[in-house]
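> need a 3D model of the sequence below.
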Amino acid sequence: EKPSIDSIYSRLDQAVYAVDAYGFLEDAVDEFIYFKTDHHWTARGAYQAYLAFCHSAGLTAAGLKSFDRYVRKPFLGSLYYATLDTRLKNTGDSLEYFVPPIESQAWRYPDKDLKKIIPTETVNRRLGQGGSYLVFIGGDFPLTHIITANKNGRKIFMIKDSYGNALAPFLTMHYEEIF
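So this is what the prediction gives:
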C-alpha cells in the first residue's frame, strides 16, 4: 500500500496537500488502531488519521482526553460475521469510541436522490450491548450532513469510504459544517 500511496502523492498538483495518515498510523502501531474482528480501523486509528489531517491542515488537534471515552464489550465485526469463526469470536475485541465535547446535529440522506432525510447522531451511544461500527455517523450513506456548535464559518467536504465514518466525529472540533 505504501508504494501506491507514495506514487499517487507524487502525482498530485502542487496546490494539493497530501495527508500522511500512513505515517501517523505506523507511529502508533503498538496501539489499538485496528480491530481483531473487523476490517476497519478503530477510533484510535481514526484519531491517528485526524492527527495527520490536522498536521497537514495547520490545525491544532484536540487531545483524546478532551473527548468522553466509551467502550463496548463484546464487539464482533465484519470479519467475524463473514466467517462465524469461533477463534474470532473469542478474541475479546471491543468497540472504543470518543464523543466530542462540542454539540452537533447530523442528518443522513439514505438514497442517492437525496430526497429522504433522517436525523442521525455523530456518535451514537445508544447501540445495543455489543455495539457496531454504525456508532460512527450511523454508517455509509450517499450524504451525511453534520452541523456543530462551532460558529467559525468553516466547512469541510469529505469524500470517504466507511473508514471516514470514525474520522468525522473528530472533525467536529474544527468545523461548523461537515458534509
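
> specify the helix with the largest residue count in this protein.
Ranked by number of residues, the top helix in the chain under DSSP state H is helix 43-57.

> I'd like the next helix or strand past that one.
strand 68-72 (DSSP states H and E).

> in the longest helix of the chain, which residues are buried?
The neighbour-count check on helix 43-57 (16 or more other CB atoms under 10 Å) flags 43-55 as buried. Placement of C-beta: from N, CA and C, glycine included.

> got it, and stretch 139-157?
Neighbour-count burial for stretch 139-157 flags 139, 141, 144-148, 150 (criterion: 16+ other CB under 10 Å).

> cool, and stretch 1-21?
For stretch 1-21, burial by neighbour count (16+ other CB under 10 Å) applies to 19-21.

> now do the end-to-end distance for it.
Criterion CA to CA, to the nearest Å; first-to-last residue distance in stretch 1-21 is 12 Å.

> contacts for it next, please.
Outside of stretch 1-21, the residues within contact range by CB atoms under 8 Å, 6 or more residues apart in numbering are 22, 48-49, 52-53, 55-57.

> before we move on, what about stretch 121-135?
Contacts of stretch 121-135 (CB under 8 Å, 6+ apart): 38, 40, 70, 72-78, 95, 97-100, 104, 106, 136-139, 146, 162, 165-166, 168-169, 172.

> same thing but at 7 Å, please
Here stretch 121-135 makes contact (CB atoms under 7 Å, 6 or more residues apart in numbering) with 38, 40, 70, 72, 74-77, 95, 97, 99-100, 104, 106, 136-138, 146, 165, 168-169, 172.

> now for the nearest residue to residue 171 once chain neighbours are set aside, how many residues are close by?
Closest residue in space to residue 171, ignoring its immediate chain neighbours: residue 178 at 5.4 Å, by CB to CB, 6 or more residues apart in numbering. For residue 178, the count of nearby residues is 24 (other CB atoms under 10 Å).

> do the same with residue 29
Residue 29: 9 surrounding residues under other CB under 10 Å.

> that one and residue 69: what is the separation?
Distance of residue 29 to residue 69, computed by CB to CB, to the nearest Å: 21 Å.

> same check, this time on residue 149
20 Å.

> cool, residue 22 as well?
On the measure of CB to CB, residue 22 and residue 69 end up 25 Å apart.

> more neighbours: which of those two?
Applying other CB under 10 Å to residue 22 and residue 69 shows that residue 22 carries more neighbours, namely 16 against 11.

> I'd say residue 42 and residue 32 touch.
Yes. Here residue 42 reaches residue 32: they are 5.6 Å apart, a contact under CB atoms under 7 Å.
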